[in-house]
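**Q** Can you look at this prediction? I've put the sequence above it.
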Amino acid sequence: MWISGVSEGVEAMTDQSTAEFRLSITRALGDQLATTLESLRPARLTAINLATVQSRPGIYVLFLGEQRVYVGKASKSLHDRLSQHLRKVSGRTGLDHGAIGFVCVYVDEDLDAAAPEKLLIKKYRVGGGIPWNTNGFGNKDPGRNRDGSVVKAAHFDALYPINLDYPIQLPSKTCDIGEVLNAAKMQLPYLLRFDSTEAARKTYSGSRVTFQAGEIPTRTLIRHVVGALPIGWQATALPGYLILYPEIREYESALAWWRRGPDGTVEETPGPRHFAAGAVESPDANFDEALG
């Protein structure tokens, strides 16, 4: 009878004597990272300061002035990732490069498994705290099919378009267009995409231009390139990158385009610079991992 009574009592208390416990290691890591990052003082995003950053994985935050604007991670090298960002912002207009700072924390654990930056992004997004995580700052080349898309007014490229006066260093010699384009592509801090078909490569090798040694503004170099190509080629400066193709086409969000006229002169035409309202499509907060 006593055993039966105890059994009944235990059965009656079952709903009150059990509970669920969920251990969130990721959340704990995210909170600790936020505490550590917030204790750091931002350093200017410069080559000198980045020389002290180690090639180790970790989490970082970018600042514009005192505002936190971007949270990212690097699975391999914080130094390389931050150097890529420095290179990108150095080729933009309307952006005070000297006002960009960073803090970072080395994290040797498996970031892909823990994904602590996602928690930091969620935490800092409250009140619009990290605008560059949602405005296309980290986007890759959208591809040829999207060159004609109207850029959103809130997009990073619309806010801070490419600098068409960025200096390119060229040797004093006669080069074919392929050599010039490859040299410019290596030096520009933004994308230069050009037709790479076999027919285009033959055209490049048969078109030559002579430069004097020294620096030349990008827009001047583009003018020379288009002037050396057959009529029907067009270079276009989109808000975030340059393209060169055999086409005659107007792009709604273009900053400018260059075409060769029948008399051989090359005209630079200001673009419409039309931008669309609304949020940026498909923001890629984890773009850093796509870079390797």
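**A** Yep, it's here.

**Q** The host helix or strand of F102 - contacts with which helices or strands?
**A** If you go by DSSP states H and E, F102 is part of strand 100-106. For strand 100-106, the elements it packs on are helix 25-38, strand 43-44, strand 58-64, helix 78-89, judged by 3 or more C-beta pairs under 8 Å, 6 or more residues apart in numbering; DSSP states H and E. Glycine gets a C-beta too; all of them are placed from N, C-alpha and C.

**Q** can you list those in TSV and add mean neighbour count?
**A** Shown next, in TSV, are those (neighbours: other C-beta atoms under 10 Å):
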stretch	mean neighbour count
helix 25-38	15
strand 43-44	16
strand 58-64	22
helix 78-89	19
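
**Q** Next, C175: secondary structure please.
**A** Secondary structure assignment for C175 (DSSP: H, G, I helix; E, B strand; the rest coil): strand.

**Q** What is the neighbour count of it?
**A** 19 (other C-beta atoms under 10 Å).

**Q** pLDDT score for it?
**A** We have a pLDDT of 88 for C175.

**Q** who's it bridged to?
**A** Counting by DSSP bridges, C175 is bridged to V209.

**Q** how close does the residue most central in space within the chain sit to K88?
**A** By C-alpha atoms, centre = their mean, the mean C-alpha position of the chain lies nearest to G138, the distance being 3.0 Å. G138 is 9 Å from K88, where distance means C-beta to C-beta, to the nearest Å.

**Q** same check, this time on K140
**A** 12 Å.

**Q** Next: L33.
**A** 24 Å.

**Q** what about the stretch 1-150 of the chain, any weak spots by pLDDT?
**A** Residue ranges of the stretch 1-150 of the chain with pLDDT under 70: 1-15, 22-25, 109-114, 127-128.

**Q** returning to that earlier point: what residues does the strand holding F102 touch?
**A** Contact partners of strand 100-106, identified using C-beta atoms under 8 Å, 6 or more residues apart in numbering, comprise 33, 36-37, 40-45, 49, 53-54, 56-64, 78, 82, 85, 89.

**Q** Repeat that for stretch 80-93.
**A** By C-beta under 8 Å, 6+ apart, stretch 80-93 touches 45-47, 50, 53, 55, 60, 62, 72, 74, 95, 97, 100, 102, 104, 160-163, 166, 188-190, 288, 291.

**Q** okay, and for the stretch 151-292 of the chain, where does confidence drop off?
**A** In the stretch 151-292 of the chain, residues with pLDDT under 70: 281-292.

**Q** isn't A254 right up against Q234?
**A** No: here A254 does not reach Q234: they are 10.2 Å apart, not a contact under C-beta atoms under 8 Å.

**Q** Now do the domain split for the protein, please.
**A** 24-138, 144-270 (automatic domain parsing).
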